[in-house]
Structures are given as C-alpha cells and as structure tokens.
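K.L.:
build the 3D model from these lines:
(3 chains)
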Amino acid sequence: MPHLTVEYSSNLPGYPEAQALAELNAAVCASPEVLDEADLKTRFVRTTDSFQVGTEAVGRAFVHAQLRLLSGRSPEAKKDLAGRVAGVLRRLTPRPQGLMVQLSVEIVDMDRPSYVKERL
Amino acid sequence: MPHLTVEYSSNLPGYPEAQALAELNAAVCASPEVLDEADLKTRFVRTTDSFQVGTEAVGRAFVHAQLRLLSGRSPEAKKDLAGRVAGVLRRLTPRPQGLMVQLSVEIVDMDRPSYVKERL
Amino acid sequence: MPHLTVEYSSNLPGYPEAQALAELNAAVCASPEVLDEADLKTRFVRTTDSFQVGTEAVGRAFVHAQLRLLSGRSPEAKKDLAGRVAGVLRRLTPRPQGLMVQLSVEIVDMDRPSYVKERL
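P.N.:
Here you go, the predicted model:
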C-alpha cells in the first residue's frame, strides 16, 4: 500500500533515478511495516523549470519525498520510515557546486476505511 | 470542490484516458455528495519511466486515484465515492499480458475552513 | 518548510508562471508563519490535455494551489496563507473568452514529528 513520490527540482540534472528507485524500495521494504514488498509503488517526478525556492530565483534546489501509508502506524514507525527514505536520498542526491540543496521527507496517513486496493 | 487525480505507470500504454475521464466524472457527479457537477476537476498523470513497484524492477504496473474532498463526509459516503472511482478504473485499465497491475483509490479530506474556491 | 504546488489546466496557455512564482513567494514569505524565506518551495504543474471539469468536456478551466505546512498553525494563520496565495492567482490567472475558470487553494497539514528537513 505505500506510495512513495520523490520530486526534485530541474536544476539537479543527472539525478540517479534508477539507482535511487532500487535503493529506496529496498530500504523501505526492509521495514517491518511493509508486509508485502510488491505493495510499495515509487515514482520520480522532476519539476519543470517553473519552480522557485524562497524569494531568490536562483542558486537553490530541492528534493522532496512523500510517503503515503495507511493510517495507524506509530510515531516511531513513521520516523523510522522517513529516516530510511532520507538516508538514501541524502547519499544519492547530486550537490552541484554553488547550489543550496534542501532535502525533505514527509509521511502522510491515508484514510484506511475508504481505501481501495486490488490486483487486476 | 472535489479534485480527482488518476496516476498510472508508463508501462500501461494505450490507457483510455478520454473515456475514463468521461466515465469517472459521470460516476462521481452522480453521487449525492456532489452538489454541482462543475465542481469536480479530474486529471490524468502518466508517470515517466522512473517508477518501481516493490523490489522487482519489471513486470508490475499500477494505477492510483486520489479523490480530495472538503472534510465532513461520512465514512459511508467516502467508501461509496471510492467505489465509484474504482468501478470505472477496474473496467477500463489495460491488463497487458504478463504484467501484475495494482489498482488503488484513496480519499483525502481537505481542510474546510481555510479552503478557497472562486470562479474567476 | 512550506511546499506550494500550483497546478493549472492546459487550456490556460500563456500562464505567467515566472511572475506568479516571484509574487507567490513574496506574498507567502511575508507571512509571520514563514520564519526563513528559503524554506518555501514552489512549483508549477500544467496538466496534460487529459483533464475534465464536471460532466462537460469543454469550456472549463481550473487553477488549484496546494500549500503544505508543518502542523500546528492556527485556523486564522491558515486562512491568511490561503488568502495570500489566492490573491496572487486571482490577479494573474488568464481568463480566456468563453472559458469558465475555477480557482481553489488548499492548505494541508504535514505530520510534524516524522518530517525530515536538511540542507545537503
């Protein structure tokens, strides 16, 4: 059930997306919260050039991951999962000279009673 | 006010997006929860090839719908709406030979007091 | 920490994205809720042509902004922030002849305890 979306700004060219996909999914699926590895669906999104960090138009980049889980996880489990995602992205995110790069990871609870999940 | 976003993995080519848009909006707008059909805003998003389901890099696909509603709906209403969305996607999602396709539908409550809605 | 995503339908060509980025970030960063202007990360997303508003396939457009903040803001602060975003988009969104254009702004609380934020 987890959905992981990793978004990064277009001024981080050469982001190793394929490697990050493999490492992110290995790290998250190793959590005891993920019962079936096939449940984790991860995608990368690169922004267009229409982004801005703060009030300065240049010199700043970001990568932001959002992990959506069915509600009911403990605060500790959420922190652990966020740490797994951050660990991979911290290691793999490019750090171009002269660019301030921000990394953030967000955990989102999904409404469990109304969630639909099927294999077609 | 409802926002519906349907995202699917890029290994589901030929997704009948136009037909799905028409059928999704008809199904959701027929709910008593939607007072004005013009409030429903639906969009399709196809992932790039940078996605991965679980720890295996191939052989798996997904379609995920997120319906965002102003808070205050009953659990029954949310389940009904999720079922309307799932019903259309279950019928229209391609099932290529040899691919495991996952379908999921998520209902999200939007914060009502701070929501802005206008016609320009 | 705030994340702002502005999405608009593809039938609003010529959207002044660069100007809107500058004005949105100036307006939001002027809020007392934003302690460091560099925390605000804003991006524009234009839908593909696969969108539909309500049950009519043409004649309708939308722009939708989502501002994600760490939880804990007062209802008044959220309303103020939504108003800042709406104010800029109301002024800058194109209004092509014959098109009904909807504007909406949504404030989302992000789970604070599990949130990761770093500068790389």
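K.L.:
ok, residues contacting the helix ranked longest in chain A?
P.N.:
Ranked by residue count under DSSP state H, the longest helix found in chain A is helix A:75-92. In this structure, residues lying in contact with helix A:75-92 by CB atoms under 8 Å, 6 or more residues apart in numbering or on different chains are A:4, A:6, A:15-16, A:19-20, A:23-24, A:27-28, A:30-31, A:33, A:63, A:65, A:67, A:69, A:73, A:103, A:105-107, C:111, C:113-116, C:118, C:120. Glycine gets a C-beta too; all of them are placed from N, C-alpha and C.
K.L.:
can you list the residues of chain A near chain C?
P.N.:
Listed as neighbours of chain C in chain A under the rule CB under 8 Å from any CB of the partner chain: A:7, A:9, A:47-48, A:50-57, A:60, A:62, A:64, A:75, A:78-79, A:81-83, A:85-86, A:90, A:93, A:95, A:100-109.
K.L.:
which among those end up buried?
P.N.:
A:7, A:9, A:47, A:50-54, A:60, A:62, A:64, A:78-79, A:81-82, A:85-86, A:93, A:101-108 (16 or more other CB atoms under 10 Å in any protein chain shown).
K.L.:
quick check: which element contains the most centrally placed residue in chain A?
P.N.:
Centroid-nearest residue in chain A, with CA atoms, centre = their mean: A:A65, separated by 2.6 Å. Using DSSP states H and E, A:A65 falls within strand A:60-70.
K.L.:
mind listing the helices for chain A?
P.N.:
Along chain A, the segments classed as helices by DSSP H run A:17-29, A:75-92.
K.L.:
what about A:G98, distance to chain B?
P.N.:
Remark: distance between A:G98 and chain B (CB to the nearest CB, to the nearest Å) = 26 Å.
K.L.:
contacts only, for the spatially closest residue to that residue that is not a sequence neighbour.
P.N.:
Spatial nearest neighbour of A:G98, excluding adjacent residues (CB to CB, 6 or more residues apart in numbering or on different chains): A:G59 at 6.7 Å. Listed by CB under 8 Å, 6+ apart, the contact partners of A:G59 are A:G98, A:L99, A:M100.
K.L.:
give me that answer again for 10 Å
P.N.:
Residues near A:G59 by CB atoms under 10 Å, 6 or more residues apart in numbering or on different chains: A:N11, A:V53, A:G98, A:L99, A:M100, C:A38.
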